[in-house]
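Undergrad: sequence and computational prediction follow.
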Amino acid sequence: MKRISICCFLLICSLAILHAQRPDRGDRGERPGAGAAVIMDTAAAPKTEDRASSASKRTLTAESSVVTKGEITVKGQRVPYKVTAGTLPVWDDDGKAIAGLFYTYYERSDVSDRATRPLVISFNGGPGTASVWMQIGYTGPRILKVDDEGYPVQPYGMKDNSNSLLDVADIVYIDPVNTGFSRQLAKEVPASKFFGVNADIRYLAEWINTFISRYKRWASPKYLIGESYGTARVAGLALELQSAQWIYLNGVILVSPTELGIERSGPVEAALRLPYYAATAWYHKKMASDLQKKDLTEVLPEVEKFTINEFIPAIAQGGFISESRKKEIAAKVARYTGLSEKSVLQQNFDIPTNFFWKELLRDKGFTIGRLDSRYLGIDRKDAGERPDYNAELTSWLHSFTPAINMYLREELNYKTDLKYYMFGPVGRWDNTNNNTGNDLRAAMAQNPYLHVLIQSGYYDGACDYFNAKYSMWQMDPGGKLKDRLSWEGYRSGHMMYLRKEDLSTSNEHLREFIKKSTPKAGEPAKY
């Protein structure tokens, strides 16, 4: 009898365990936040007590999706939309899934003709950061709550984006391997398959082909938008998509671009920072008083002209510049930068960015932000040659991290126990053979439809606005493409859209760019 009781007890325990391991279906019809309605969820959340299922949710499923619906008002117009949050595989040459990329895809749901509906494919940079920044900060239909200048506020959360690009284009935000929820699936695959400038471009081009086929977007006008390192990514993708996937684009948008592999060194590299220093000095009221009275856009052309015509030649002369000319140049640089003539001369005109971020407001006990000079930091010591930390980046992580987790997990109802990597483990990135700027030029030359828009914040010290202009000039040394190249500047930093006024203006520039670069029906792509 005792043996029978034990057997019954074990049987009951086994059935309980099997029941606990069944995929939970109970909350697939739950209503997520912000009035969105769940349609389908193949990544449903485990119950708290469901230990086995919880463990399985710490690994990525190569293919999954959850679909919700929402609605916003953009420019006074009702815009209903469908959102698909999910994963699609990266395949190797044998058809094996070696990684799964997480994406969030927004489609305007009252548009039936996708053939004429533009598709914007969005990447951020790092390398090693997810697409979170532009998705919930810039172009998406829902954005994080920050103040009008972009600083964190509590309670954290999301709100409708009345400036969203969704009224004129569908958008997909893509997280490369080991960013966001994206993960490498086959551990035996070497890091070199993913984590380098050219490897990154190759596997993402293959993935984009899969996405376009799955969602039947081959006929759509297509655009790439990248921010920071994402600009190198999309510049390289423009040519890779044409050459290896036979996908031709209408536009590429470079938000706060890197150097794109375009050479600059010596006197040119040193001098090109000056207009950014001047913009920052103007913002913090450290310029000479006569210049400070002028508007920023009145001051900068003067500084740019001085940079090209006087500063580069002066640095090029090195120690053989005359003493009188040296003092004259130092006085002008001091007027523009807010630094002392002594410190300018001590640096031999080659003023490091770290020194500038530490020195400009040293007398007030503050450092300034690398990616956005409007942000202030406090160091342990006022002495030193560089700030202790990036004041702007920690502020952004403060506001974006809770917002994206709340949004994906609660509003869009994508259920996983995976950590959302704001910055993920991508190892030592291989930057060799970075020719992405020249690749973009080649793609433009081969595709008469392809236009390029560059967007820069004046207070961005990592990917500064004047270096962005220089890259644009050097991409087209013959001047044959300049009618398809354009640049816009904004009174903020790396993520210019965090400032309320620039969020509106920059999205409007995107609308105008898409309209300009979408040809009329039947208009041929030819010279």
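TA: Structure received. A quick note: this is a predicted structure, and the numbers were derived from the prediction, not measured.
Undergrad: backbone dihedrals for the nearest residue to S399 once chain neighbours are set aside, please?
TA: Residue nearest to S399 in three dimensions, not counting chain neighbours: P152, with 3.8 Å by Cβ to Cβ, 6 or more residues apart in numbering. Quick note: C-beta positions are derived from backbone N, CA and C, even for glycine. Here is the backbone geometry of P152 (degrees, to the nearest 10): phi -60, psi 150.
Undergrad: burial measure for the closest residue to S192 other than its chain neighbours, as a count.
TA: Once flanking residues are discounted, S192 sits nearest to A199: 6.0 Å by Cβ to Cβ, 6+ apart. For A199, the neighbour count with other Cβ atoms under 10 Å is 17.
Undergrad: what mean pLDDT does whichever helix or strand A199 is part of have?
TA: Using DSSP states H and E, A199 maps to helix 197-214. Average pLDDT, helix 197-214: 98.
Undergrad: and for that helix, what's in contact with it?
TA: 88-91, 99, 101, 103, 119, 121, 123, 127, 172, 174, 176-177, 192-194, 217-218, 222, 232-233, 236-237, 240-241, 244-245, 247, 261, 429-434, 436 (Cβ atoms under 8 Å, 6 or more residues apart in numbering).
Undergrad: and it, what's buried?
TA: 197-209, 211-212 (16 or more other Cβ atoms under 10 Å).
Undergrad: low-confidence bits of this structure, can you list those?
TA: The chain contains residues with pLDDT under 70 at 1-57.
Undergrad: tell me the centre residue of it?
TA: For the chain, the residue sitting closest to the mean C-alpha position, by Cα atoms, centre = their mean, is N124 at 2.7 Å.
Undergrad: thought that residue was touching T231?
TA: No. Taking contacts as Cβ atoms under 8 Å, N124 lies outside contact range of T231: 10.0 Å.
Undergrad: list residues touching both of those two?
TA: Counting by Cβ under 8 Å, 6+ apart, nothing touches both N124 and T231.
Undergrad: quick one: E392 is in a strand?
TA: No. Under DSSP: H, G, I helix; E, B strand; the rest coil, E392 sits outside any strand and is assigned helix.
Undergrad: would you mind listing the outside residues contacting stretch 323-330?
TA: 310-311, 314, 321, 341, 344-345, 349.
Undergrad: residues of that stretch that come out buried?
TA: Going by 16+ other Cβ under 10 Å, stretch 323-330 has these buried residues: 326, 329-330.
Undergrad: what's opposite the closest residue to S220 other than its chain neighbours in the beta bridge?
TA: Nearest non-adjacent residue to S220, counting by Cβ to Cβ, 6+ apart: L119, 4.5 Å away. In this entry, L119 is beta-bridged to D170, K222, by DSSP bridges.
Undergrad: picking up where we left off before, just the contacts of helix 197-214: which are in strands?
TA: With strands taken from DSSP state E, the overlap with these comprises 88-91, 99, 101, 103, 119, 121, 123, 172, 174, 222.
Undergrad: need the buried ones from those residues selected in PyMOL.
TA: Per 16+ other Cβ under 10 Å, the buried members of the ones in strands among the contacts of helix 197-214 correspond to this PyMOL selection:
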select buried, resi 88+89+90+91+99+101+103+119+121+123+172+174+222
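Undergrad: now the ones in strands among the contacts of helix 197-214 as TSV including distance to E411?
TA: As requested, these are arranged in TSV below (distance: Cβ to Cβ, whole Å):
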residue	distance to E411
L88	21
P89	25
V90	27
W91	31
A99	26
L101	21
Y103	16
L119	23
I121	22
F123	22
V172	18
I174	19
K222	27
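Undergrad: and the ones in strands among the contacts of helix 197-214, which is closest to L272?
TA: F123 (25.3 Å; Cβ to Cβ).
Undergrad: which residues touch the closest one?
TA: 131, 174, 176, 204, 224-227, 230, 233-234.
Undergrad: mark which of these are buried, thanks.
TA: Applying the neighbour count, that is 16+ other Cβ under 10 Å, the buried entries in the contacts of F123 are 131, 174, 176, 204, 224-227, 230, 233-234.
Undergrad: among these, which ones are in helices?
TA: Using DSSP state H, the members of the buried ones among the contacts of F123 that fall in helices are 204, 230, 233-234.
Undergrad: which of those residues sit farthest apart?
TA: L204 and G230, at 10.6 Å, using Cβ to Cβ across those.
Undergrad: which helices and strands does whichever helix or strand D502 is part of pack with?
TA: Taking DSSP H and E as the definition, D502 sits inside helix 500-517. The criterion is 3 or more Cβ pairs under 8 Å, 6 or more residues apart in numbering; DSSP states H and E, and the helices and strands that helix 500-517 contacts are strand 222-227, strand 251-255, strand 451-457, strand 485-490.
Undergrad: hmm, 6 Å instead?
TA: Packed against helix 500-517 by the contact rule (3 or more Cβ pairs under 6 Å, 6 or more residues apart in numbering; DSSP states H and E) you find strand 451-457.
Undergrad: which parts of the strand it packs on are buried?
TA: So strand 451-457, judged by 16+ other Cβ under 10 Å, has buried residues 451-457.
Undergrad: starting at the chain centroid, how far to it?
TA: 13 Å (Cα atoms, centre = their mean, to the nearest Å).
Undergrad: tell me the first helix or strand C-terminal of the helix or strand encompassing K327.
TA: Secondary-structure assignment from DSSP H and E places K327 in helix 323-337. Sequence-wise, the next helix or strand downstream of helix 323-337 (DSSP H and E) is helix 341-346.
Undergrad: for that following helix, which positions count as buried?
TA: Buried residues in helix 341-346 (16+ other Cβ under 10 Å): 343-344.
Undergrad: surely the residue nearest to the centre of the chain meets I136?
TA: No. Contact between N124 and I136 fails when scored by Cβ atoms under 6 Å: they sit 11.2 Å apart.
Undergrad: could the ones in helices among the buried ones among the contacts of F123 be laid out in JSON lines, adding distance to Y420?
TA: Shown next, in JSON lines, are these (distance: Cβ to Cβ, whole Å):
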{"residue": "L204", "distance to Y420": "19"}
{"residue": "G230", "distance to Y420": "18"}
{"residue": "R233", "distance to Y420": "20"}
{"residue": "V234", "distance to Y420": "22"}
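Undergrad: tell me which of those is nearest to K285?
TA: Relative to K285, the closest of these is G230; by Cβ to Cβ it sits at 33.1 Å.
Undergrad: got the contact list for the closest one?
TA: 123-125 (Cβ atoms under 6 Å, 6 or more residues apart in numbering).
Undergrad: so I329 versus M475, what's the distance?
TA: Per Cβ to Cβ, to the nearest Å, I329 is found 29 Å from M475.
Undergrad: whoops, I mixed them up, A99
TA: 31 Å.
Undergrad: could you do P275 as well?
TA: 19 Å.
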